[in-house]
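> Here is my input, please return the structure:
(one chain, ligands or ions: 2)
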Amino acid sequence: MTPARASGFVRVKVPATTANLGPGFDTIGMALELYNIVELSLLAPDELVVEVEGEGVANIPRDETNIVIKVIRQVFKKAKKNPSGFKLKLINHIPVARGLGSSAAALVGGAVAANELCGNALSDQEILEIVTDFEGHPDNVAPALFGGVVVSAQMKSEQGTEVVSRKIPPPYGLKAVVAIPDFHLATKSARSVLPAQVPFEDAVFNLSRVSMVIMAFIHNDWDLLSKMMEDRLHQPYRQALIPGMTEVFEEARQAGAIAAMLSGAGPTLIAFGLEDTQEIAEAMEKAFLRHGVNITIKELKPSPVGAKVF
Ligand SMILES: Nc1ncnc2c1ncn2[C@@H]1O[C@H](COP(=O)(O)OP(=O)(O)O)[C@@H](O)[C@H]1O
Ligand SMILES: N[C@@H](CCOP(=O)(O)O)C(=O)O
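Numbers count the residues shown, from 1 in each chain. Ligands and ions are numbered 1, 2, ... in the order given. Just a heads-up that it's a prediction; the model follows:
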(Lines give C-alpha, C1' and ligand atoms only; values in the text may rest on other atoms or scores of the structure.)
(Ligands and ions follow the chains in the order given, each with its own letter.)
Protein backbone atom coordinates (compact mmCIF):
# COMPACT_ATOMS: atom_id res chain seq x y z
CA MET A 1 0.00 0.00 0.00
CA THR A 2 1.34 3.46 -0.89
CA PRO A 3 1.75 6.00 1.94
CA ALA A 4 -1.01 8.12 0.34
CA ARG A 5 -3.56 5.33 0.55
CA ALA A 6 -2.49 4.19 3.98
CA SER A 7 -3.28 7.65 5.38
CA GLY A 8 -6.52 8.02 3.36
CA PHE A 9 -5.11 11.18 1.76
CA VAL A 10 -3.87 11.65 -1.78
CA ARG A 11 -2.37 14.55 -3.73
CA VAL A 12 -2.25 14.63 -7.54
CA LYS A 13 -0.51 17.03 -9.92
CA VAL A 14 -2.05 17.36 -13.39
CA PRO A 15 -0.96 19.42 -16.41
CA ALA A 16 -2.71 21.98 -18.59
CA THR A 17 -3.23 20.90 -22.19
CA THR A 18 -3.54 22.56 -25.56
CA ALA A 19 -5.93 20.66 -27.81
CA ASN A 20 -6.40 20.48 -31.59
CA LEU A 21 -2.88 21.72 -32.50
CA GLY A 22 -4.30 23.38 -35.63
CA PRO A 23 -6.05 20.80 -37.84
CA GLY A 24 -6.40 18.01 -35.24
CA PHE A 25 -9.88 18.93 -34.01
CA ASP A 26 -10.96 16.65 -31.11
CA THR A 27 -7.98 14.39 -31.93
CA ILE A 28 -4.59 15.71 -30.73
CA GLY A 29 -3.42 17.46 -27.60
CA MET A 30 -0.19 18.41 -25.85
CA ALA A 31 0.47 18.60 -22.11
CA LEU A 32 2.09 21.84 -20.92
CA GLU A 33 4.25 22.59 -17.88
CA LEU A 34 1.52 24.38 -15.92
CA TYR A 35 -0.12 22.26 -13.22
CA ASN A 36 -3.17 22.09 -10.98
CA ILE A 37 -3.08 20.18 -7.72
CA VAL A 38 -5.93 18.05 -6.43
CA GLU A 39 -5.93 16.91 -2.77
CA LEU A 40 -8.48 14.34 -1.68
CA SER A 41 -9.27 12.59 1.59
CA LEU A 42 -12.14 10.48 2.87
CA LEU A 43 -14.84 11.72 5.27
CA ALA A 44 -18.01 10.13 6.70
CA PRO A 45 -20.53 9.31 3.93
CA ASP A 46 -22.80 12.34 4.51
CA GLU A 47 -19.94 14.90 4.64
CA LEU A 48 -18.56 17.03 1.81
CA VAL A 49 -15.96 19.79 1.99
CA VAL A 50 -14.67 21.49 -1.16
CA GLU A 51 -11.96 24.17 -0.98
CA VAL A 52 -10.65 26.11 -3.98
CA GLU A 53 -7.48 28.21 -4.27
CA GLY A 54 -6.20 30.21 -7.24
CA GLU A 55 -7.87 30.22 -10.65
CA GLY A 56 -11.66 29.96 -10.56
CA VAL A 57 -11.84 30.69 -6.82
CA ALA A 58 -14.92 32.90 -7.24
CA ASN A 59 -16.97 30.56 -9.43
CA ILE A 60 -16.07 26.92 -8.99
CA PRO A 61 -18.90 25.15 -7.13
CA ARG A 62 -18.29 23.78 -3.62
CA ASP A 63 -21.11 21.21 -3.74
CA GLU A 64 -22.18 18.05 -5.58
CA THR A 65 -22.36 20.00 -8.87
CA ASN A 66 -18.53 20.33 -8.90
CA ILE A 67 -17.30 18.17 -11.83
CA VAL A 68 -14.42 16.84 -9.72
CA ILE A 69 -16.85 15.50 -7.10
CA LYS A 70 -18.97 13.97 -9.87
CA VAL A 71 -16.02 12.14 -11.43
CA ILE A 72 -14.76 10.98 -8.00
CA ARG A 73 -18.19 9.43 -7.30
CA GLN A 74 -18.17 7.75 -10.72
CA VAL A 75 -14.72 6.22 -10.06
CA PHE A 76 -15.87 4.90 -6.66
CA LYS A 77 -18.98 3.41 -8.32
CA LYS A 78 -17.02 1.76 -11.15
CA ALA A 79 -14.48 0.43 -8.59
CA LYS A 80 -17.44 -1.01 -6.62
CA LYS A 81 -16.47 0.87 -3.44
CA ASN A 82 -18.99 2.02 -0.87
CA PRO A 83 -20.10 5.65 -1.26
CA SER A 84 -17.98 7.97 0.89
CA GLY A 85 -17.80 11.57 1.96
CA PHE A 86 -14.85 13.64 0.76
CA LYS A 87 -12.64 16.56 1.58
CA LEU A 88 -11.43 17.99 -1.74
CA LYS A 89 -8.94 20.82 -2.14
CA LEU A 90 -8.33 22.27 -5.62
CA ILE A 91 -5.19 24.36 -6.02
CA ASN A 92 -5.61 25.80 -9.51
CA HIS A 93 -2.93 27.38 -11.67
CA ILE A 94 -4.65 26.68 -15.02
CA PRO A 95 -6.89 29.60 -16.06
CA VAL A 96 -10.54 28.53 -16.35
CA ALA A 97 -12.50 28.64 -19.64
CA ARG A 98 -9.53 29.96 -21.64
CA GLY A 99 -8.72 26.95 -23.85
CA LEU A 100 -6.00 25.38 -21.68
CA GLY A 101 -7.90 22.29 -20.59
CA SER A 102 -8.93 23.37 -17.08
CA SER A 103 -11.96 21.06 -17.11
CA ALA A 104 -9.88 18.13 -18.39
CA ALA A 105 -7.25 18.73 -15.69
CA ALA A 106 -9.96 18.91 -13.01
CA LEU A 107 -11.57 15.66 -14.19
CA VAL A 108 -8.30 13.76 -14.64
CA GLY A 109 -6.94 15.00 -11.29
CA GLY A 110 -10.14 13.95 -9.49
CA ALA A 111 -10.34 10.56 -11.21
CA VAL A 112 -6.68 9.69 -10.57
CA ALA A 113 -6.95 10.76 -6.91
CA ALA A 114 -10.15 8.73 -6.40
CA ASN A 115 -8.61 5.69 -8.07
CA GLU A 116 -5.59 5.91 -5.76
CA LEU A 117 -7.94 5.91 -2.74
CA CYS A 118 -9.66 2.86 -4.28
CA GLY A 119 -6.35 0.96 -4.35
CA ASN A 120 -5.89 1.61 -8.07
CA ALA A 121 -8.80 -0.70 -8.81
CA LEU A 122 -9.19 0.84 -12.29
CA SER A 123 -6.67 0.82 -15.12
CA ASP A 124 -5.43 4.01 -16.85
CA GLN A 125 -7.56 2.97 -19.82
CA GLU A 126 -10.70 2.83 -17.66
CA ILE A 127 -9.86 6.23 -16.17
CA LEU A 128 -9.35 7.65 -19.68
CA GLU A 129 -12.77 6.39 -20.76
CA ILE A 130 -14.57 7.69 -17.66
CA VAL A 131 -13.09 11.18 -18.01
CA THR A 132 -13.69 11.27 -21.78
CA ASP A 133 -17.37 10.54 -21.14
CA PHE A 134 -17.51 13.56 -18.82
CA GLU A 135 -15.49 15.86 -21.10
CA GLY A 136 -17.15 14.74 -24.35
CA HIS A 137 -13.94 14.51 -26.40
CA PRO A 138 -10.57 12.87 -25.62
CA ASP A 139 -8.04 15.40 -26.95
CA ASN A 140 -7.39 17.25 -23.65
CA VAL A 141 -7.95 14.43 -21.17
CA ALA A 142 -5.52 11.98 -22.84
CA PRO A 143 -2.43 14.25 -22.60
CA ALA A 144 -3.54 15.45 -19.14
CA LEU A 145 -3.43 11.78 -18.08
CA PHE A 146 -0.36 10.59 -20.02
CA GLY A 147 1.74 13.73 -20.75
CA GLY A 148 3.49 14.54 -24.05
CA VAL A 149 1.56 14.80 -27.31
CA VAL A 150 -1.30 12.30 -27.52
CA VAL A 151 -3.39 11.30 -30.54
CA SER A 152 -6.79 9.83 -29.62
CA ALA A 153 -9.87 8.36 -31.23
CA GLN A 154 -13.20 8.03 -29.44
CA MET A 155 -15.44 5.12 -30.41
CA LYS A 156 -18.99 5.18 -29.07
CA SER A 157 -21.18 2.10 -29.02
CA GLU A 158 -24.08 0.69 -26.98
CA GLN A 159 -21.48 -0.81 -24.63
CA GLY A 160 -20.10 2.66 -23.87
CA THR A 161 -17.11 4.74 -24.93
CA GLU A 162 -13.86 3.19 -26.11
CA VAL A 163 -10.89 5.54 -26.46
CA VAL A 164 -7.79 4.51 -28.37
CA SER A 165 -4.80 6.73 -27.71
CA ARG A 166 -1.11 6.80 -28.64
CA LYS A 167 1.52 9.01 -27.02
CA ILE A 168 4.32 10.73 -28.92
CA PRO A 169 7.20 11.69 -26.60
CA PRO A 170 7.25 15.43 -25.92
CA PRO A 171 8.81 17.52 -28.66
CA TYR A 172 12.42 18.42 -27.99
CA GLY A 173 13.36 22.13 -27.87
CA LEU A 174 9.90 23.44 -28.65
CA LYS A 175 8.44 26.26 -26.53
CA ALA A 176 4.83 27.43 -26.50
CA VAL A 177 4.20 31.15 -26.25
CA VAL A 178 0.75 31.20 -24.68
CA ALA A 179 -1.29 34.41 -25.03
CA ILE A 180 -4.22 34.27 -22.60
CA PRO A 181 -6.92 36.95 -23.11
CA ASP A 182 -8.58 38.44 -20.04
CA PHE A 183 -12.04 37.14 -21.04
CA HIS A 184 -13.64 33.72 -20.66
CA LEU A 185 -14.95 31.55 -23.46
CA ALA A 186 -16.72 28.37 -22.37
CA THR A 187 -15.88 25.43 -24.62
CA LYS A 188 -19.61 24.73 -24.96
CA SER A 189 -20.18 28.19 -26.48
CA ALA A 190 -17.17 27.87 -28.80
CA ARG A 191 -18.53 24.50 -30.02
CA SER A 192 -21.98 25.95 -30.65
CA VAL A 193 -20.66 28.09 -33.54
CA LEU A 194 -19.33 25.05 -35.45
CA PRO A 195 -21.34 23.83 -38.45
CA ALA A 196 -23.21 20.50 -38.48
CA GLN A 197 -21.63 19.65 -41.86
CA VAL A 198 -18.50 20.73 -43.73
CA PRO A 199 -17.62 20.58 -47.43
CA PHE A 200 -15.94 17.31 -48.50
CA GLU A 201 -12.97 19.36 -49.75
CA ASP A 202 -12.46 20.84 -46.25
CA ALA A 203 -12.54 17.39 -44.64
CA VAL A 204 -9.82 16.20 -47.07
CA PHE A 205 -7.84 19.39 -46.44
CA ASN A 206 -7.78 18.69 -42.68
CA LEU A 207 -7.08 14.97 -43.08
CA SER A 208 -3.90 15.68 -45.04
CA ARG A 209 -2.73 18.43 -42.65
CA VAL A 210 -3.37 16.52 -39.44
CA SER A 211 -1.53 13.45 -40.77
CA MET A 212 1.46 15.66 -41.50
CA VAL A 213 1.28 17.35 -38.08
CA ILE A 214 1.55 13.91 -36.45
CA MET A 215 4.55 13.06 -38.67
CA ALA A 216 6.13 16.42 -37.75
CA PHE A 217 5.79 15.67 -34.01
CA ILE A 218 7.12 12.13 -34.41
CA HIS A 219 10.21 13.36 -36.29
CA ASN A 220 10.64 16.79 -34.62
CA ASP A 221 10.36 18.21 -38.16
CA TRP A 222 9.52 21.87 -37.55
CA ASP A 223 9.63 22.89 -41.25
CA LEU A 224 6.90 20.36 -41.90
CA LEU A 225 4.90 21.53 -38.86
CA SER A 226 5.18 25.10 -40.04
CA LYS A 227 3.57 24.23 -43.42
CA MET A 228 0.81 22.01 -42.06
CA MET A 229 -0.95 23.95 -39.29
CA GLU A 230 -3.82 25.29 -41.38
CA ASP A 231 -7.29 24.19 -40.44
CA ARG A 232 -10.75 24.46 -41.99
CA LEU A 233 -12.83 22.64 -39.37
CA HIS A 234 -12.94 24.97 -36.38
CA GLN A 235 -10.66 28.02 -36.43
CA PRO A 236 -12.42 29.87 -39.29
CA TYR A 237 -15.77 29.50 -37.48
CA ARG A 238 -14.35 30.61 -34.12
CA GLN A 239 -12.45 33.59 -35.47
CA ALA A 240 -15.34 35.98 -34.75
CA LEU A 241 -15.19 35.06 -31.03
CA ILE A 242 -11.57 36.17 -30.63
CA PRO A 243 -10.87 39.75 -31.71
CA GLY A 244 -7.60 40.00 -33.66
CA MET A 245 -7.05 36.23 -34.02
CA THR A 246 -5.76 36.22 -37.62
CA GLU A 247 -3.58 39.26 -37.05
CA VAL A 248 -2.03 37.70 -33.92
CA PHE A 249 -1.21 34.55 -35.95
CA GLU A 250 0.38 36.60 -38.75
CA GLU A 251 2.45 38.77 -36.42
CA ALA A 252 3.64 35.79 -34.38
CA ARG A 253 4.86 34.10 -37.56
CA GLN A 254 6.56 37.28 -38.77
CA ALA A 255 8.35 37.44 -35.40
CA GLY A 256 9.75 33.94 -35.98
CA ALA A 257 7.10 31.52 -34.73
CA ILE A 258 7.08 28.09 -36.37
CA ALA A 259 3.31 27.97 -36.15
CA ALA A 260 0.45 29.76 -34.43
CA MET A 261 -2.96 28.37 -33.53
CA LEU A 262 -6.04 28.54 -31.35
CA SER A 263 -5.49 26.66 -28.10
CA GLY A 264 -8.41 24.26 -27.72
CA ALA A 265 -11.63 26.17 -28.17
CA GLY A 266 -9.91 29.49 -27.30
CA PRO A 267 -9.72 32.32 -26.52
CA THR A 268 -6.02 31.56 -25.79
CA LEU A 269 -3.73 31.62 -28.83
CA ILE A 270 -0.46 29.69 -28.93
CA ALA A 271 2.67 30.15 -31.03
CA PHE A 272 5.47 27.59 -31.12
CA GLY A 273 9.05 28.82 -31.15
CA LEU A 274 12.58 27.57 -30.54
CA GLU A 275 15.04 29.20 -28.11
CA ASP A 276 14.42 32.96 -27.76
CA THR A 277 10.67 33.59 -27.97
CA GLN A 278 10.62 37.11 -26.50
CA GLU A 279 9.92 38.79 -29.87
CA ILE A 280 7.06 36.41 -30.59
CA ALA A 281 5.48 37.18 -27.22
CA GLU A 282 5.78 40.94 -27.79
CA ALA A 283 4.33 40.69 -31.30
CA MET A 284 1.32 38.72 -30.04
CA GLU A 285 0.68 41.15 -27.21
CA LYS A 286 0.85 44.21 -29.51
CA ALA A 287 -1.50 42.65 -32.07
CA PHE A 288 -4.03 41.73 -29.38
CA LEU A 289 -3.82 45.23 -27.84
CA ARG A 290 -4.63 46.80 -31.22
CA HIS A 291 -7.94 44.93 -30.97
CA GLY A 292 -8.55 46.08 -27.38
CA VAL A 293 -7.71 42.69 -25.81
CA ASN A 294 -5.47 42.57 -22.72
CA ILE A 295 -3.54 39.35 -22.35
CA THR A 296 -1.22 37.50 -20.00
CA ILE A 297 1.73 35.78 -21.65
CA LYS A 298 3.17 32.50 -20.39
CA GLU A 299 6.09 30.69 -21.96
CA LEU A 300 5.57 27.00 -21.37
CA LYS A 301 7.43 23.87 -22.37
CA PRO A 302 5.59 20.69 -23.31
CA SER A 303 5.13 18.51 -20.23
CA PRO A 304 6.58 15.01 -20.61
CA VAL A 305 4.51 13.80 -17.65
CA GLY A 306 0.78 13.58 -17.17
CA ALA A 307 -1.19 13.24 -13.94
CA LYS A 308 0.97 12.03 -11.05
CA VAL A 309 0.36 11.12 -7.42
CA PHE A 310 3.06 12.82 -5.34
N1 LIG B 1 -10.32 23.12 -11.03
C2 LIG B 1 -11.61 22.96 -11.34
N3 LIG B 1 -12.45 22.37 -10.48
C4 LIG B 1 -13.76 22.20 -10.78
N5 LIG B 1 -14.31 22.58 -11.94
C6 LIG B 1 -13.52 23.16 -12.84
C7 LIG B 1 -12.13 23.38 -12.60
N8 LIG B 1 -11.59 23.97 -13.67
C9 LIG B 1 -12.60 24.10 -14.56
N10 LIG B 1 -13.75 23.63 -14.07
C11 LIG B 1 -15.07 23.58 -14.73
O12 LIG B 1 -14.86 23.58 -16.12
C13 LIG B 1 -15.45 24.75 -16.73
C14 LIG B 1 -14.54 25.28 -17.82
O15 LIG B 1 -14.41 24.28 -18.80
P16 LIG B 1 -14.31 24.65 -20.33
O17 LIG B 1 -15.40 25.59 -20.71
O18 LIG B 1 -14.21 23.37 -21.06
O19 LIG B 1 -12.95 25.46 -20.43
P20 LIG B 1 -11.42 24.98 -20.44
O21 LIG B 1 -10.96 25.32 -21.81
O22 LIG B 1 -10.73 25.81 -19.40
O23 LIG B 1 -11.42 23.51 -20.15
C24 LIG B 1 -15.60 25.72 -15.58
O25 LIG B 1 -16.66 26.61 -15.82
C26 LIG B 1 -15.87 24.81 -14.40
O27 LIG B 1 -17.23 24.44 -14.37
N1 LIG C 1 -11.42 19.86 -29.33
C2 LIG C 1 -12.02 20.72 -28.35
C3 LIG C 1 -10.97 21.18 -27.39
C4 LIG C 1 -11.47 22.07 -26.29
O5 LIG C 1 -10.39 22.42 -25.46
P6 LIG C 1 -10.54 23.44 -24.24
O7 LIG C 1 -9.20 23.51 -23.60
O8 LIG C 1 -10.99 24.73 -24.85
O9 LIG C 1 -11.60 22.85 -23.35
C10 LIG C 1 -12.66 21.91 -29.07
O11 LIG C 1 -11.96 22.50 -29.89
O12 LIG C 1 -13.82 22.21 -28.80
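> alpha carbons only for contacts and neighbour counts from here, please
Will do.
> which residues in the stretch 101-250 of the chain form helices?
Taking DSSP state H, counting those that start in this stretch as the criterion, the stretch 101-250 of the chain contains helices spanning 102-117, 124-135, 141-146, 187-192, 200-219, 222-227, 235-238, 245-254.
> close to ligand 2, is whatever helix or strand comes next after the last one?
Next helix or strand after helix 245-254 toward the C-terminus (DSSP states H and E): strand 259-262. No: under the criterion of Cα under 6 Å from any ligand atom, ligand 2 is not reached by strand 259-262; the shortest gap measures 8.6 Å.
> who touches strand 259-262?
For strand 259-262, the external contacting residues (Cα atoms under 8 Å, 6 or more residues apart in numbering) are 21-22, 225-226, 229, 235, 249, 252-253, 268-273.
> Tell me the most packed of those residues, by neighbour count.
Ile270 (31 neighbours; other Cα atoms under 10 Å).
> where does the stretch 51-200 of the chain dip in pLDDT?
Along the stretch 51-200 of the chain, segments meeting pLDDT under 70 are nowhere present.
> For Gly160, which of the helices of the stretch 101-250 of the chain is the nearest?
Among those, the nearest to Gly160 by Cα to Cα is helix 124-135 (8.8 Å).
> one step back: can you narrow the contacts of strand 259-262 to ones near ligand 2?
Of the contacts of strand 259-262, not one also sits near ligand 2 (Cα under 6 Å from any ligand atom).
> Between those, which sits nearest ligand 1?
Using Cα to the nearest ligand atom, Thr268 is the member of the contacts of strand 259-262 that lies nearest ligand 1, at 8.9 Å.
> Bridge partners for Leu32, pull those for me.
Per DSSP bridges, the residues bridged to Leu32 are Ala16, Pro302.
> Pretty sure it sits against Glu299.
No: assessed by Cα atoms under 8 Å, Leu32 is found out of contact with Glu299, at 9.8 Å.
> Pull out the buried positions in stretch 300-310.
Neighbour counts over stretch 300-310 (16 or more other Cα atoms under 10 Å) mark Leu300, Lys301, Pro302, Ser303, Pro304, Val305, Gly306, Ala307, Lys308, Val309 as buried.
> what's the nearest residue to Gly54 if we skip its chain neighbours?
Distances taken as Cα to Cα, 6 or more residues apart in numbering put Asn92 closest to Gly54, at 5.0 Å, once the chain neighbours are dropped.
> what's near enough to touch the one you found?
Contacts for Asn92 (Cα under 8 Å, 6+ apart) come out as Tyr35, Asn36, Ile37, Val52, Glu53, Gly54, Glu55, Gly56.
> Show me the beta-bridge partners of Glu162.
Going by DSSP bridges, Glu162 forms beta bridges with Met155.
> Now do the contacts for whatever residue of the stretch 151-300 of the chain ends up closest to ligand 1.
Scanning the stretch 151-300 of the chain for the residue nearest ligand 1 gives Ala186, at 3.5 Å (criterion: Cα to the nearest ligand atom). Contacts for Ala186 (Cα under 8 Å, 6+ apart) come out as Ala97, Arg98.
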